[in-house]
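K.L.:
Attaching a predicted model along with its sequence, questions to come.
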Amino acid sequence: MQEQDYILFEDYLSGNLDTTEIVAFENRLQNDFEFKDAFEVYKSTSKFLENHIENEEKAETFKTNLETVSSKYFAKEEASKSRLKGINPWYYSLAAAAILVIGFFFTQQFSNPVYEDYANYGTISLTVRGTQSEVLSKAETAFNNHNYKEAEIYFSQILKTDTNNMELQLYKAVSLVELSNYTEADTLFNSIIKSPSVYKNKAIWYLALSKLKQGDNTACINTLKTLPEDSEDYNEAQKLIKKLK
Amino acid sequence: MSQKKIHEDQKYIVGLVENNTFIIQAIYDKFAPKVINYIKQNSGDASSAQDIIQETIITIYNQAIEKDLKLTCPFDAYFFLLCKRKWLNHLKKTGNKEVTINEEVLSKDDDAQELAFETSLFEQQHSLYKDMFGKLGQACKDLLKATFKIKSMEEVAKSLGLTYAYARKKKSLCIGQLTKLIQESPTYKNLKS
């Protein structure tokens, strides 16, 4: 293709041709195979550049987050495997003793599941490389260190400007449960549940845990029952329902 | 394609696009074990599985962002097929022998096969475009980056110290150059046939 062909492609795509020129262009597309081929590649190249360059930062953030989840997952995988490797026969008797102890605790728990058994929020990662705000990283640190009082303050502060951030609302609500501020927490959970957010099912699960902490087993069971079958915590929820009954 | 019903597992795709940590974690918890097992049974280890899974998720992410990927089959089958293909390709490249391929046992889901095929095609195309973009001269790279970031050609011209007309012309010529590089590459000819 000649230089003017590429200029023509660009003019056509950006709507800079008049009607006669468009007709001529489209005619040529139909009759000139090479021209059409080059045009198709030119078009998809533009599309590629548009997405690739526009989303570069977003894609980098995604990759960083993915790497964190991935290394956490595989560290866990490795840890559980190395525990199984090379068992000394002597350990079997220890294991037997351990099972007795665990069994004891298990039967204890069986009759009385408590909030603390389930309140495992893991570590959260909110900050985005390069663009994080100071408050956000403070909120993250406070939450991960179980300092919910501070975390709640920071979350509320960010939510003042970023009102619709469901992820932060969810963590704020969790912090409120930890601080035994149930009314506010449950209201927040309910508003997330009503939204079409991806955090909906998590909010249902945490709302149930909030009810558990409040000692309201009936409300806890009723909330758990609304968890859809394909949600992440479904199995755990079914077990909890059985224990509570 | 478009008439097919979108599978409810589309939520995983949406979650990836939104960079939702819960969804990414759920993908690992639910779908990674099967892949890890398969790779371990076929001359690989946990760390190769980690790489394969990560690359596969990035490909799905890119396709979702650039081509608006719609899942028409369960995520499980689709994801496993992609990881498996990627692993087999890796083995082929490193000249490793002894690979168990039980194609018929692995997936009976036609939709998954088709979609996984589209995705691997997309991946090859994507990396070809990226490689060729890397081959462009610095001036073209800068101009294109500015063009697609800033959007307004007037501002692009201003920021690069060019006249508007020249910046516009240069943009088409740079994309034209990239078009040529792509068309001339052997990978493109393979992808076309």
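P.N.:
Cool, the structure landed. Treat the numbers as computed from the prediction; the structure is a model and nothing was measured. Numbers count the residues shown, from 1 in each chain, chains lettered A, B, ... in the order given.
K.L.:
low pLDDT regions in chain B?
P.N.:
B:1-3, B:96-109, B:192-193 (pLDDT under 70).
K.L.:
For it, which residue gets nearest to chain A?
P.N.:
Evaluated by CB to the nearest CB, chain B has B:Gly176 as its residue closest to chain A, separated by 3.0 Å. For the C-beta atoms, the positions are set from N, CA and C on the backbone; glycine is no exception.
K.L.:
Now that residue: which helix or strand?
P.N.:
Using DSSP states H and E, B:Gly176 sits in helix B:164-184.
K.L.:
Mind naming the longest helix for the chain?
P.N.:
Just so you know, I chose chain A. Longest helix in chain A, counting residues (DSSP state H): helix A:56-84.
K.L.:
You answered for a different chain; I wanted chain B.
P.N.:
helix B:110-135.
K.L.:
quick one: that helix to helix B:164-184, angle?
P.N.:
120 degrees (axes from the mean of the first three to the mean of the last three CA atoms, to 10 degrees).
K.L.:
Do you know the pLDDT at the closest residue in space to the residue of chain B closest to chain A that isn't next to it in sequence?
P.N.:
Counting by CB to CB, 6 or more residues apart in numbering or on different chains, B:Gly176 lies nearest to A:Tyr6, which is 3.0 Å off, once chain neighbours are set aside. In this model, A:Tyr6 is scored at 95, pLDDT.
K.L.:
right, and A:Tyr6 touches B:Thr179 too?
P.N.:
Yes: in this structure A:Tyr6 lies within contact range of B:Thr179 using CB atoms under 8 Å: 7.2 Å.
K.L.:
Mutual contacts of the two, please.
P.N.:
A:Tyr42 (CB atoms under 8 Å, 6 or more residues apart in numbering or on different chains).
K.L.:
so what are the domain limits for chain A?
P.N.:
A:3-54, A:117-244 (automatic domain parsing).
K.L.:
which of these sits most buried?
P.N.:
domain A:117-244 (a mean of 17; mean count of other CB atoms under 10 Å in any protein chain shown).
K.L.:
which stretch in the domains of chain A has the least confidence?
P.N.:
Taking the mean pLDDT of the domains of chain A, domain A:117-244 comes last: a mean of 85.
K.L.:
Show me how far that domain is from its chain's centre.
P.N.:
Centroid separation for domain A:117-244 versus its chain: 12 Å, with CA atoms, centre = their mean, to the nearest Å.
K.L.:
How about it and chain B, any contact?
P.N.:
Yes: using CB under 8 Å from any CB of the partner chain, we find that domain A:117-244 touches chain B at A:Ile124, A:Ser125, A:Glu167, A:Val198, A:Tyr199, A:Lys202, A:Asp230, A:Glu232.
K.L.:
Dump those into TSV; add secondary structure as well.
P.N.:
Formatted as TSV, the residues of domain A:117-244 next to chain B follow (DSSP: H, G, I helix; E, B strand; the rest coil):
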residue	secondary structure
A:Ile124	coil
A:Ser125	coil
A:Glu167	helix
A:Val198	coil
A:Tyr199	coil
A:Lys202	helix
A:Asp230	coil
A:Glu232	coil
